[in-house]
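Student: Coordinates for the following, if possible.
(2 chains)
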Amino acid sequence: MLGKVIALRMVRLIATLFAVSLITFLMVEQLPGDPILAILPPEALDDLENIERIRKELRLDDSVVTRYFRWVGDALQGDLGKSYITDQPVSDAIKDRIPVTLELAFLATFLAALLAVPIGAFCAYREGSRVDRIMSGITTTALSIPGFVAGIFFIWLFTLKFNWLPSTGWNRISDKGLIANLKTAILPAASLALAPLAINARLIRADMIGTLKEDYVLSARAKGLRDRYILMRHALRPSSLTAVTVFALQFGGLIGGTVVIETIFALPGLGTRLISGIYQRDVMMIQGITLFIASVYVIVNAAADFLYLALDPRIRRR
Amino acid sequence: MSGQQEPSNPRSTRTPGSLRTALSEMPLGIKLALTWMLFIIGAAIYTRLDRLLGQALPLQDPFYQPFLFGEAKPVEGPSSAHILGTDVLSRDNFSRLLHGSWVSLMVAATVVLFGVTIGGVLGAAVGYVRGRWEAIVMAILDVVIAFPALVLLLALVSIYKVRNLTMIALVFGILGIPTYVRIARASTLGVASREFVQAAEAIGTRRTAILFREIIPNILPALFAYALINAGFVIVIEGTLSYLGLSVQVPEPTWGNMINEGRRDIRQTVLPIFWPGLFLTLTVVSLNQLGDWMQQRVAVRSSAL
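Tutor: Take a look at the predicted model:
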């Protein structure tokens, strides 16, 4: 039974990846006019010989279907073409930029999980109290602050007002060490973490309120176990299943979400490369990075589903 | 036909409450949220009217730059002439904020309109008819939903050079449909098995009539509750695109591009960024609050059905 569930999910994953690649391909293919006009920068369009050479190089005279499958085949081997503006292969750009984006997404997921668990647990424990109501107001607000607004506000507050942290730029761990790296990573990660943090705190709270009404929690209380022990050992454990899955799902979303935050903090991540590609109208770069981010997102989401299957014995039995 | 009894519909079992009782049932937070939304919607309509009448209404010109040439002037704080101060080009912040609400609301309204009409009807239809069509439609939509929204929008808007409000609203509207289909279908599955639908089927009502008269009216509250929360999400995404300069272009004010322009003088003052940020946040908070509240009421209602 479990095998069938996994097989079905795999089929869906592959179908989605196929569709993602098709949409990304057609996005450029459907541009009105000669694709060469979109691919090349305007100043390169006077050189007719060059245009013919690139037309041959891209084999634009082949049929759409042939070119799509060739494009996917190349992409699977790690070749996403090259930018005709900077001459950089798209896959090199991705390899170069992905560590920053991944670190940000990890750090944001970590922050969101780390803070949401105690907040959610405490609010569930004190359900209906003043603290609970205040926290619920705060999480609702945090959920509604757009990430880019939070980012700019953090820059203003922590770097311009208090001068605690560098406002923009990035220190690589390999160059400057972990502390210097975290100093540049913490603000962007915090702006990214805001929304997932609020969602997680609410989820964990709602989940634990249900769990705390279970009989086994009552019997633990009757045994005279300490409240903190009950909260952590008896109530949090079953809730952590959903939480872990949600964290994984959020991680996928954050890889796309870093785009704007990286731009605000001028970090050398995948998002800034996508945006600079957009400003330069670097179609190959946009296409390649879009395909990459969307694929990662789809795969991480599928992985979250599998994780849930692996973690929850009740689902496995069905 | 005269002896035929209309199957009882849950809509008619509720006594129509007057506006006053509806207001008194509202928690304070919801009243505030509603007030804010009315203010923003009013601002959008007022500023459009102002433009139609050639700026005859009492509000400052959002484009007026007193110092067109020469060196840049520092931004001004709130004063009696500019109640929220001026921006980096010495234009009136308050007026630009009010004018900017139009773009946010138009994009959100388009998404809601497309979602509720096209998405709602499609979702209700496949949820009611079931079968092969349902499987096909849902499989296609799952794929579109699987795309990260912001990245897809960025790619589309940049590759196709979409910069005017109508086209942006259209792209948002179309991309927003799938989730509405999902929600309409899920609610339809619950409604379609209820007694009043069975009764309508038993007396031989045509399926399209059942769809539009029995099912859709009963899934609308759930759709609208989602639409409110979705509208907030859409406003954030549009703000993000605007901030990146990929939505409606300057000098036309949007909350997002106001934030972008305000970055120039962030060392001196955060106010030109703070106001649009506050407007964005308050609008999204309000929509989320209203959506949550409506969702709770829908849940209570459908359990009492």
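
Student: Could you pull up the contacting residues of whichever residue of chain A sits closest to chain B?
Tutor: Nearest residue of chain A to chain B (Cβ to the nearest Cβ) works out as residue A:256 at 3.5 Å. (C-beta placed from N, C-alpha, C; glycine too.) By Cβ atoms under 8 Å, 6 or more residues apart in numbering or on different chains, the contact list for residue A:256 reads A:293, A:294, A:297, B:148, B:149, B:150, B:151.

Student: centre of the chain versus whichever strand or helix holds the third one, how much separation?
Tutor: If I follow you right, that is residue A:297. Per DSSP states H and E: residue A:297 is located in helix A:283-311. Remark: helix A:283-311 is offset 9 Å from the chain centroid, using Cα atoms, centre = their mean, to the nearest Å.

Student: go on, stretch B:248-265?
Tutor: 21 Å.

Student: Find the nearest non-adjacent residue to the residue of chain A closest to chain B, please.
Tutor: residue B:148 (3.5 Å; Cβ to Cβ, 6 or more residues apart in numbering or on different chains).

Student: show me the contacts for residue A:177.
Tutor: Counting by Cβ under 8 Å, 6+ apart, residue A:177 touches residue A:171.

Student: Look up the pLDDT of it for me, please.
Tutor: On pLDDT, residue A:177 comes in at 76.

Student: Next, it: phi, psi?
Tutor: The phi/psi pair for residue A:177 (degrees, to the nearest 10) reads phi 90, psi 170.

Student: residues near residue 115, how many?
Tutor: Went with chain A since none was named. Residue A:115: 16 surrounding residues under other Cβ atoms under 10 Å in any protein chain shown.

Student: that's the wrong chain, I wanted chain B
Tutor: 27.

Student: wait, isn't it in contact with residue B:179?
Tutor: Yes: assessed by Cβ atoms under 8 Å, residue B:115 is found in contact with residue B:179 at 7.3 Å.

Student: quick one: low-confidence parts of the chain?
Tutor: I went with chain A, as the question did not name one. A:1, A:32-33, A:35, A:312-318 (pLDDT under 70).

Student: Not quite, go with chain B.
Tutor: B:1-19, B:65-74, B:301-305.

Student: Kindly report the residues of it close to chain A.
Tutor: If contacts are counted using Cβ under 8 Å from any Cβ of the partner chain, the residues of chain B sitting beside chain A are B:139, B:142-143, B:146-152, B:154-156, B:158-160, B:232, B:236, B:239-240, B:243-244, B:246, B:259, B:263, B:266-267, B:270, B:273-274, B:277, B:280-281, B:284-285, B:288-289, B:292.

Student: Can you turn the buried part of the contacts of residue A:256 into a PyMOL selection?
Tutor: Per 16 or more other Cβ atoms under 10 Å in any protein chain shown, the buried members of the contacts of residue A:256 correspond to this PyMOL selection:
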select buried, (chain A and resi 293+294+297) or (chain B and resi 148+149+150+151)
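
Student: Report the two of the contacts of residue A:256 separated the most.
Tutor: When Cβ to Cβ is used, the two most widely separated members of the contacts of residue A:256 are A:293 and B:149, lying 11.7 Å apart.

Student: does any part of stretch A:94-105 sit near chain B?
Tutor: No: residues of stretch A:94-105 contacting chain B under Cβ under 8 Å from any Cβ: none, with a closest distance of 12.0 Å.

Student: Identify the residues contacting that stretch?
Tutor: By Cβ under 8 Å, 6+ apart, stretch A:94-105 touches A:80, A:170, A:185, A:188-189, A:192, A:251, A:254-255, A:257-258, A:261-262, A:267-273, A:288-289, A:292.

Student: sorry, back to before: who's in contact with the residue nearest to residue A:256?
Tutor: Neighbours of residue B:148 in contact, by Cβ under 8 Å, 6+ apart: A:252, A:253, A:255, A:256, A:293, A:294, A:297.

Student: Dihedrals phi and psi, residue 146?
Tutor: Went with chain A since none was named. Residue torsions, per degrees, to the nearest 10, at residue A:146 are phi -60, psi 140.

Student: hm, I was asking about chain B
Tutor: phi -70, psi -20.

Student: surely it meets residue A:18?
Tutor: No: taking contacts as Cβ under 8 Å, residue B:146 lies outside contact range of residue A:18: 11.2 Å.

Student: And these two? Which one has more around it.
Tutor: Taking other Cβ under 10 Å, residue B:146 and residue A:18 do not tie; residue B:146 has more neighbours (21 against 12).

Student: just to revisit the earlier point, so which of the contacts of residue B:148 comes closest to residue A:131?
Tutor: residue A:253 (29.0 Å).
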